[in-house]
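*Asks:* with the input below, show me the fold.
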Amino acid sequence: MKRSRLSSFFAVLALAIAGVLTGGSPATAANLLINPGFEAGSLSGWTCAGGAVVTSPVHSGGNALAATATGSDIAKCSQTVSVVPNTTYSVSAWVRGNPVYLGITGGPSTWTAATSYTQLSLTFTSGAGQTSAELYLHGWYAAGTYNADDVSLDGPGGSNPGTPGVPGNPTVGTVTSNSIALSWGASAGTVTGYRVYEGSTVRATVTGTSTTISGLTACTSHSYSVAAYNANGESAKTSEASATTSGCTSTGLPKHALIGYLHASFANGSGYLRMADVPQAWDIINLAFGEPTSVTSGDIRFTQCPVSECPGVESEADFIAAIRAKQAQGKKVLLSIGGQNGQVQLTTTAARDKFVSSVSAIIDRYGLNGLDVDFEGHSLFLNAGDTDFRNPTTPVIVNLISALKSLKSRYGNGFVLTMAPETFFVQVGYQFYGGAGGGDNRTGSYLPVIYAMRDALTVLHVQDYNSGPVMGLDNQYHNMGDASFHIAMTDMIKAGFTVAGTGIKFPGLRPDQIAFGVPAAVSAGNGYISPAQNQQAVTCLARGTNCGGYTLRGGASPDFRGLMTWSVNWDRFYNWEFMNNMEPFLNALP
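*Replies:* Residues are numbered from 1 along each chain as shown. Sure, this is the predicted structure:
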């Protein structure tokens with residue numbers, strides 16, 4: 001959130017793109033793809049939507065791929081292969097169509113528009129723990145048929161000869177408070193059995209293509225992959241499937257919530273608003289901001305706006321009484337830490353401990369319901385070599401996670417925890433993660449924090465504003481200014497995505513944990529859209545309709561939590577346009 005500034009996202013994204021992974025020289029070439037020229041006369045080895053083998057036009061041999069993109073589907077064809085970690089691979093394909101895309105999921109991509117066969121090519125470097133990679137081809141919505149032939153993914157394979165093929169990706173079946181059912185497609189080749197992994201740990205070994213993982217804790221999130229094995233070895237793992245066991249404790253929030261930031265410690269052009277005068281429509285009120293005494297101290301302070309800056313400020317006693325009145329109405333009032341000026345770097349365990357004690361003192365003094373983490377700027381980053389969001393090693397990340405877990409443990413199940421990262425720190429992790437290849441070491445740096453706190457997180461509301469263009473799960477860049485940006489960005493949080501250069505999937509959150517953030521008015525930040533466009537985005541996400549041609553990878557989410565805005569003050573300044581339109585709309589959703 002900003003007191004008054006534009007994000008540096010554009011400049012930072014340019015640096016990240018300039019540092020796109022390059023790796024070393026390609027390893028000794030060997031095409032890892034099955035049926036790369038479609039000469040089997042079938043789509044054997046490939047997973048295709050709207051695809052078929054044709055005998056004309058071809059680049060070489062007797063067959064080629066023809067796939068037809070419709071108004072609702074881009075006709076993606078893909079194949080997953082085993083790879084060796086930390087290895088550079090060469091990728092190419094001969095294609096024709098307008099347009100045709102070639103890429104690696106979670107990695108680089110390229111495209112062309114050509115009326116005759118043209119070769120696309122790129123290289124990618126596998127991550128430190130990456131054992132599989134998905135190559136894809138696709139067209140574009142309603143653009144018609146494209147062709148592909150002689151596709152190549154060259155480099156060393158990750159499996160021994162004679163090992164089974166990669167199983168079909170797992171899907172989640174029945175979920176209870178202590179179990180998750182899984183099923184997957186059979187592997188090609190000789191198969192002795194299948195191992196179900198959670199991270200690097202084997203959770204089940206079976207001979208069939210389904211199992212139920214039991215003995216789980218209620219309201220916990222889990223991600224599973226599957227590998228086939230025989231006497232020759234084990235295949236690469238599938239992509240992960242994620243689910244959360246039932247039995248979650250109620251947060252006390254309405255099914256669809258309106259979340260806003262109150263300028264409690266400062267004033268700007270929007271004017272000061274007393275806590276007692278915040279309308280009842282706001283379900284979560286974030287007090288902006290708690291800030292550290294110094295960047296690395298961990299000592300967080302919160303003070304009400306001084307009279308000299310806010311002549312109408314209420315006394316502390318009246319402020320606390322107004323908080324109690326909101327809570328009596330079922331509202332949640334949180335301390336928001338960070339913002340534009342509040343850089344917080346917990347570089348030491350001493351800073352971590354001071355963070356916990358100082359934040360607890362503020363929560364206790366004002367009787368607050370919890371904490372909102374609004375770290376921006378240079379608060380979070382990833383050190384060189386910190387490439388697995390599941391097991392971070394950078395002190396500012398590790399110490400923040402530890403501090404948040406301590407606060408959650410102290411206050412129990414009623415503790416409300418929200419986060420408000422910018423897109424640069426979350427969704428951009430699909431393309432760039434940390435400083436790999438000389439890029440910005442902040443890209444995706446919220447991901448390990450979200451992942452570690454996913455079972456304690458009440459709502460994640462990414463700031464979908466002051467943002468540069470961001471690649472979505474359709475491998476297209478999306479820009480601020482219309483509903484499609486919010487649809488694509490939020491779908492990434494629900495569906496999850498493979499983190500760039502790692503081959504590891506960041507699992508999606510539960511729908512009730514997901515909202516998105518927008519400016520309340522044109523003066524509040526870049527990326528303002530009308531209430532009608534906000535309603536279109538929510539309708540698509542919650543109901544799966546009116547999506548403007550975008551296909552939800554995570555499916556419709558009837559339990560989608562709601563909307564966050566910067567800010568309550570700016571909305572008041574513009575005569576409550578955001579609140580008056582969005583609160584009844586959210587209440588009318590099933």
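
*Asks:* secondary structure element for the nearest residue in space to Tyr136 that is not next to it in sequence?
*Replies:* Of all residues not flanking Tyr136 in the chain, Ser78 sits nearest, at 4.2 Å (C-beta to C-beta, 6 or more residues apart in numbering). Placement of C-beta: from N, CA and C, glycine included. Following DSSP states H and E, the helix or strand that holds Ser78 is strand 77-82.

*Asks:* then Leu153?
*Replies:* strand 144-154.

*Asks:* against which helices or strands is that strand packed?
*Replies:* Strand 144-154 is packed against strand 64-69, strand 88-104, strand 132-138, with contacts defined by 3 or more C-beta pairs under 8 Å, 6 or more residues apart in numbering; DSSP states H and E.

*Asks:* make TSV from those strands and add distance to Ala241 and mean pLDDT to it.
*Replies:* TSV is the format used below for those (distance: least, C-beta to C-beta, whole Å; pLDDT from 0 to 100):
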stretch	distance to Ala241	mean pLDDT
strand 64-69	25	94
strand 88-104	20	94
strand 132-138	15	92
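
*Asks:* can you put the ones you listed in JSON lines and add distance to Tyr272?
*Replies:* Converted to JSON lines, those look like this (distance: least, C-beta to C-beta, whole Å):
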{"stretch": "strand 64-69", "distance to Tyr272": "53"}
{"stretch": "strand 88-104", "distance to Tyr272": "50"}
{"stretch": "strand 132-138", "distance to Tyr272": "51"}
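
*Asks:* let me have these in JSON lines, extended by distance to Gly339 and mean neighbour count.
*Replies:* Output for the helices and strands packed on strand 144-154, formatted as JSON lines (distance: least, C-beta to C-beta, whole Å; neighbours: other C-beta atoms under 10 Å):
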{"stretch": "strand 64-69", "distance to Gly339": "43", "mean neighbour count": "24"}
{"stretch": "strand 88-104", "distance to Gly339": "36", "mean neighbour count": "22"}
{"stretch": "strand 132-138", "distance to Gly339": "38", "mean neighbour count": "24"}
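
*Asks:* counting contacts, what elements does the strand holding Ser78 pack onto?
*Replies:* Using 3+ C-beta pairs under 8 Å, 6+ apart, strand 77-82 sits against strand 47-48, strand 132-138.

*Asks:* dump those strands into TSV; add distance to Gly37 as well.
*Replies:* Listed next are the helices and strands packed on strand 77-82 as TSV, based on distance: least, C-beta to C-beta, whole Å:
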stretch	distance to Gly37
strand 47-48	15
strand 132-138	13
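
*Asks:* what's the closest of those to Arg365?
*Replies:* For Arg365, the closest of the helices and strands packed on strand 77-82 is strand 132-138, at 51.2 Å, according to C-beta to C-beta.

*Asks:* tilt between that closest one and strand 64-69?
*Replies:* Interaxial angle of strand 132-138 relative to strand 64-69 (axes from the mean of the first three to the mean of the last three C-alpha atoms, to 10 degrees): 70 degrees.

*Asks:* ok now strand 132-138, how far from the chain's centre?
*Replies:* Mean-position distance between strand 132-138 and its chain equals 20 Å (C-alpha atoms, centre = their mean, to the nearest Å).

*Asks:* and the angle from that strand to strand 144-154?
*Replies:* 150 degrees.

*Asks:* and strand 132-138, what does it pack against?
*Replies:* strand 64-69, strand 77-82, strand 88-104, strand 144-154.

*Asks:* ok, which of these comes nearest Ser294?
*Replies:* strand 88-104 (42.5 Å).

*Asks:* give me the number of residues near Val166?
*Replies:* Val166 has 26 neighbouring residues, counting by other C-beta atoms under 10 Å.

*Asks:* circling back: so which of the helices and strands packed on strand 132-138 comes closest to Gly269?
*Replies:* strand 88-104 (43.8 Å).

*Asks:* strands paired with that closest one, and their directions?
*Replies:* strand 109-125 (antiparallel), strand 132-138 (antiparallel), strand 144-154 (antiparallel) (DSSP bridges).

*Asks:* isn't the residue nearest to Tyr136 right up against Ala49?
*Replies:* No. Using C-beta atoms under 8 Å, Ser78 makes no contact with Ala49, being 9.2 Å away.

*Asks:* pLDDT weak spots in the stretch 401-550 of the chain?
*Replies:* Counting by pLDDT under 70, the ranges of the stretch 401-550 of the chain that qualify are 437.

*Asks:* kindly recompute the last result at 80.
*Replies:* By pLDDT under 80, the low-scoring segments of the stretch 401-550 of the chain are 436-438, 503.

*Asks:* tell me where it has strands.
*Replies:* Assigned by DSSP state E, counting those that start in this stretch, the strands in the stretch 401-550 of the chain fall at 416-419, 459-463, 470-471, 477-478, 496-498, 505-507, 514-519.

*Asks:* including mean neighbour count and distance to Thr118, could those go into a markdown table?
*Replies:* A markdown table is the format used below for the strands of the stretch 401-550 of the chain (neighbours: other C-beta atoms under 10 Å; distance: least, C-beta to C-beta, whole Å):
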| stretch | mean neighbour count | distance to Thr118 |
| --- | --- | --- |
| strand 416-419 | 22 | 44 |
| strand 459-463 | 27 | 37 |
| strand 470-471 | 21 | 23 |
| strand 477-478 | 18 | 22 |
| strand 496-498 | 23 | 27 |
| strand 505-507 | 24 | 32 |
| strand 514-519 | 26 | 38 |
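
*Asks:* out of those, which is closest to Thr174?
*Replies:* Comparing those by C-beta to C-beta, strand 505-507 comes nearest, at 18.5 Å.

*Asks:* what residues does the closest one touch?
*Replies:* 221, 223, 239-240, 242, 389, 429, 447, 451, 454, 496-499 (C-beta atoms under 8 Å, 6 or more residues apart in numbering).

*Asks:* give the pairing partners of it; include direction for each.
*Replies:* strand 496-498 (antiparallel).

*Asks:* centre of the chain to the strand it pairs with, how far?
*Replies:* 7 Å.

*Asks:* other residues contacting that strand?
*Replies:* Contacts of strand 496-498 (C-beta under 8 Å, 6+ apart): 105-106, 134, 239-240, 242, 427, 429-430, 473, 504-508, 554.
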